[in-house]
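Asker: structure, please.
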Amino acid sequence: MMNLRLKLFTAFITLIIIPLVLVGVITYFVTFDLIEKKYSQQAEFSLKAISQNIQFVFSEMDKVTENGIAGNVVQTAIGAVNSRELDLSDAKQLKLNENQRNFRVNLFSHPTISFAFAYNLKDATIASIFTKENFTALPFARFKREPLYQEVVELNGAPKWVGPYEYKEITGTDPVFTQIRMVKELTTMNNIGVLITQIKNWEIERIFNDFRYSKNLEDTRFFLVNEDGLILYDTQEQYNGQNINPFLGKPMNFNSSYQSYRDDFNHHESVVSVNKLKDKQWYLVSTTSWNSLSQDMGIFLKWVVGILFISLLAAFLFFWLFMNRITKSIIRIVRFMRRVENGDLSARVDEEGNDELFLLSKGFNSLISQVNNLLEEVKTEQKHKAQAELRVLQAQIKPHFLFNTLESINVLAIQNEGRKVSQMVYRLGNILRISIQDKEEIMISQEIEHLRSYLEIQKFRFDELFNFDIQMPNEVLNSMILKLTLQPLVENSIQHGFEGITHQGFLQVTGYVEGDDIVITIQDNGIGISNRQLRKFQYMKNDDTLTPEGQDIVMNERRGLGLRSVADRIRIQYGYRYGVYICSEKNQGTTIQVRIPKYGPGEVYEAKSDAR
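Answerer: Okay, the predicted model is just below:
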């Protein structure tokens, strides 16, 4: 069974410490989950906004090339007799028509255009529209063998955008985006050529920079990748032309929906967000260091952890200083209660402090004092009762027993039995000398002498009725006993046990030492006691709890001061460990056992069970 301190400590851990720790842990996970969700929402908005701006750049370039095709400028360059000699980039402004001039102005005025040329499908020649140094266009025969060419044909005039590093043979190694589209003859709508236009990534770079520095995304890194994971654009220009998957903890799953999740990027925990560009197989990817996102919240959590730690420390100090004091006081009171339970009514708790514990200690001491006083009063009353019963016993012996004995002596005198008369007078003198002593306790040797004198006198009176034997060792004879303890028990055996027997009765009195106790046994071979009568022999029981038949038995016993009186006297004097114990069966005799403490002359025995 757990003691009070362990129970309180268990309750303290269960109801205070564990909830505080759970609050801290839940706060930690909820906070960082909230950070991730909030950032995911912000990243989604940013990536979609960047996607729209990038899409606008490509749409503007689509319009420029569409104007050139619709203005018959590109068709003129492709359909020239000698397209190698026709170079719109070198044509004089005055020789161009209005549409041609507008197209040329758009080409030169557009800041992002890097290069433009066209393939003639008829003679496989190349018409230069916008020159670029250190770049040689791929021959049409080789271009036609590329899978990209078939895609352009299937688009039937719609633009096809190629990112940097996707087709280096066609676009070169510069970080440029290339538009490839089929050119049709305006009247017949037949394919007559392929227009290839390259734009620089300036506009793309400006868009990313605007978002990085104006949307609180300074620590965010953006990538533009294709569906194979090839990095077309890196805002830090570190991984251009490489695959993004080796830098991630797990391969990226490209799909049409927005996604954001925690993953490692370049061995650093990051939040990775992915959004697909509309009408293109390109994806915008952003990576943000988790440390940078959680830095401010980390400071907040440090404060939370610090406050929780201080709270836990304060709780432990409270438990150690206050609860420990309470438990110590209660345990001390319980320890004194156990001492009282064991019979030590002198136990008193130290009255300390000025709180409820002080009142509890004071109330406990007051209660024990009152109980002690009450027990002393009860003990005194019982002692007076026992003395009164002893005086009654002595008074009964004098007129009744004395009369019968004197009558027997008179008979013996008439019969001239002088020696027997002398013995009877001697035994009677011993009885009177011991019975009239003003002492409650005498030595067992004196009690045995008194008992032997009584039995000798009864033997003279009832010579053929019974015989007796007394065997008592010296270690028993030297101890003390209440006066007139054994004589009533022997008298009960003679008067009731031998009543109506057809054989000679035999009475044996023996004694021995058992530990710190003395056991005296009185055994007879009389008629015995029935179980029904034995059940009515109860110590210290009020008369009003017995049946009328039991009332008669008890009253008869008390008039003769028999078994019950002796048992009550012993228990009152020595405590509940001691008393009279009866073992009997109908027609099988009776054994009465008297158990008393062993102590010698001059010693005072205090009952150890007065508190019961």
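Asker: wouldn't residue 27 be in contact with residue 303 here?
Answerer: No - in this structure, residue 27 is not within contact of residue 303 by C-beta atoms under 8 Å, at 11.2 Å. Every C-beta, even on glycine, is put in place using the N, C-alpha and C of the backbone.
Asker: between the two, which one's more packed in?
Answerer: Set residue 27 next to residue 303 and count neighbours by other C-beta atoms under 10 Å: residue 27 wins out with 15 against 10.
Asker: domain-wise, how is the protein divided?
Answerer: Taking automatic domain parsing as the domain assignment, the ranges for the chain are 1-311, 370-597.
Asker: what about the helices in the stretch 151-300 of the chain?
Answerer: Along the stretch 151-300 of the chain, counting by DSSP state H, counting those that start in this stretch, helices occupy 168-171, 202-214, 290-318.
Asker: packing partners for the shortest one?
Answerer: Applying 3 or more C-beta pairs under 8 Å, 6 or more residues apart in numbering; DSSP states H and E, one finds that helix 168-171 makes contact with strand 176-184.
Asker: and the strands in the stretch 301-450 of the chain, which stretches?
Answerer: With DSSP state E, counting those that start in this stretch as the criterion, the stretch 301-450 of the chain has strands at 441-443.
Asker: ditto for the stretch 151-300 of the chain
Answerer: Counting by DSSP E, counting those that start in this stretch, the strands of the stretch 151-300 of the chain are 160-162, 176-184, 191-200, 220-226, 231-234, 259-265, 268-276, 282-289.
Asker: in JSON lines, list the ones you listed along with mean neighbour count.
Answerer: As requested, those are exported to JSON lines (neighbours: other C-beta atoms under 10 Å):
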{"stretch": "strand 160-162", "mean neighbour count": "20"}
{"stretch": "strand 176-184", "mean neighbour count": "22"}
{"stretch": "strand 191-200", "mean neighbour count": "23"}
{"stretch": "strand 220-226", "mean neighbour count": "23"}
{"stretch": "strand 231-234", "mean neighbour count": "21"}
{"stretch": "strand 259-265", "mean neighbour count": "16"}
{"stretch": "strand 268-276", "mean neighbour count": "20"}
{"stretch": "strand 282-289", "mean neighbour count": "22"}
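Asker: so which of these is nearest residue 122?
Answerer: Among the strands of the stretch 151-300 of the chain, the nearest to residue 122 by C-beta to C-beta is strand 191-200 (6.9 Å).
Asker: any chance of the helices of the stretch 151-300 of the chain in CSV, plus distance to residue 496 and mean pLDDT?
Answerer: CSV is the format used below for the helices of the stretch 151-300 of the chain (distance: least, C-beta to C-beta, whole Å; pLDDT from 0 to 100):
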stretch, distance to residue 496, mean pLDDT
helix 168-171, 131, 80
helix 202-214, 117, 75
helix 290-318, 72, 77
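Asker: name the residues of stretch 163-176 that are buried.
Answerer: Neighbour-count burial for stretch 163-176 flags 163, 164, 165, 166, 167, 170, 171, 172, 174, 175, 176 (criterion: 16 or more other C-beta atoms under 10 Å).
Asker: partners of the residue nearest to residue 280 when sequence neighbours are not counted in the sheet?
Answerer: Closest residue to residue 280 apart from its sequence neighbours, by C-beta to C-beta, 6 or more residues apart in numbering: residue 161 at 6.3 Å. Beta-bridge partners for residue 161, by DSSP bridges, are residue 179.
Asker: list the contacts of residue 161.
Answerer: Applying C-beta atoms under 8 Å, 6 or more residues apart in numbering, we find residue 161 in contact with 58, 177, 178, 179, 180, 280.
Asker: how many other residues sit next to the first one?
Answerer: If I follow you right, that is residue 58. 20.
Asker: ignoring the adjacent residues along the chain, who's closest to it?
Answerer: Nearest to residue 58 is residue 161, by C-beta to C-beta, 6+ apart, at 6.0 Å.
Asker: any figure for the gap between the nearest residue to residue 255 once chain neighbours are set aside and residue 51?
Answerer: With sequence-adjacent residues excluded and distances taken as C-beta to C-beta, 6+ apart, residue 255 is closest to residue 276, at 7.6 Å. Taking C-beta to C-beta, to the nearest Å as the measure, residue 276 falls 8 Å from residue 51.
Asker: ok, back up a step: do you know the pLDDT at the residue nearest to residue 280?
Answerer: pLDDT for residue 161: 91.
Asker: that older thread, as JSON lines, the domains of the chain with distance to residue 330 would be great.
Answerer: Output for the domains of the chain, formatted as JSON lines (distance: least, C-beta to C-beta, whole Å):
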{"stretch": "domain 1-311", "distance to residue 330": "6"}
{"stretch": "domain 370-597", "distance to residue 330": "20"}
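Asker: tell me which of those sits nearest to residue 336.
Answerer: It is, among the domains of the chain and with distance given as C-beta to C-beta, domain 370-597, at 12.9 Å.
Asker: what is the mean pLDDT for that closest one?
Answerer: The model assigns domain 370-597 a mean pLDDT of 79.
Asker: can you get me the start-to-end distance on that domain?
Answerer: End-to-end distance for domain 370-597, by C-alpha to C-alpha, to the nearest Å: 28 Å.
Asker: now it: how far from the chain's centre is it?
Answerer: Computed by C-alpha atoms, centre = their mean, to the nearest Å, the chain-centroid distance of domain 370-597 equals 65 Å.
Asker: same check on stretch 21-30?
Answerer: 17 Å.
Asker: and for stretch 15-34?
Answerer: 16 Å.
Asker: which residues touch that stretch?
Answerer: Applying C-beta under 8 Å, 6+ apart, the contact partners of stretch 15-34 are 294, 297, 300, 301, 304, 305, 308, 311, 312, 315.
Asker: buried only: go through the residues you listed for me.
Answerer: Using 16+ other C-beta under 10 Å as the burial test, the contacts of stretch 15-34 include 294, 301, 304, 308, 315 as buried.
Asker: can you redo these as JSON lines with distance to residue 440?
Answerer: JSON lines is the format used below for the buried ones among the contacts of stretch 15-34 (distance: C-beta to C-beta, whole Å):
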{"residue": "294", "distance to residue 440": "90"}
{"residue": "301", "distance to residue 440": "83"}
{"residue": "304", "distance to residue 440": "79"}
{"residue": "308", "distance to residue 440": "73"}
{"residue": "315", "distance to residue 440": "63"}
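Asker: what's the closest of those residues to residue 190?
Answerer: For the buried ones among the contacts of stretch 15-34, the nearest to residue 190 is residue 294 (61.2 Å; C-beta to C-beta).
Asker: who are the contact partners of that closest one?
Answerer: Per C-beta under 8 Å, 6+ apart, neighbours of residue 294: 32, 35.
Asker: and with 10 Å instead?
Answerer: Taking C-beta atoms under 10 Å, 6 or more residues apart in numbering as the contact definition, residue 294 lies against 31, 32, 35, 36, 39, 269, 271, 300, 301.
Asker: show me where the stretch 101-250 of the chain dips below the pLDDT cut-off.
Answerer: Regions of the stretch 101-250 of the chain meeting the criterion pLDDT under 70 cover residues 101-111, 130-134, 212-218.
Asker: touching, residue 337 and residue 368? I think so.
Answerer: Yes - taking C-beta atoms under 10 Å as the definition, residue 337 is a contact partner of residue 368 at 8.9 Å.
Asker: any common contacting residues for these two?
Answerer: Shared contacts of residue 337 and residue 368, defined by C-beta under 10 Å, 6+ apart, are found at 347, 349.
Asker: now residue 464. Its backbone dihedrals?
Answerer: Here is the backbone geometry of residue 464 (degrees, to the nearest 10): phi -90, psi 0.
Asker: and it, how far from residue 501?
Answerer: Distance from residue 464 to residue 501, counting by C-beta to C-beta: 11 Å.
Asker: which of the two has more residues huddled nearby?
Answerer: More crowded of residue 464 and residue 501, by other C-beta under 10 Å: residue 501, with 15 against 8.
Asker: so who does that one touch?
Answerer: Going by C-beta under 10 Å, 6+ apart, residue 501 touches 465, 466, 524, 525, 526, 527, 587.
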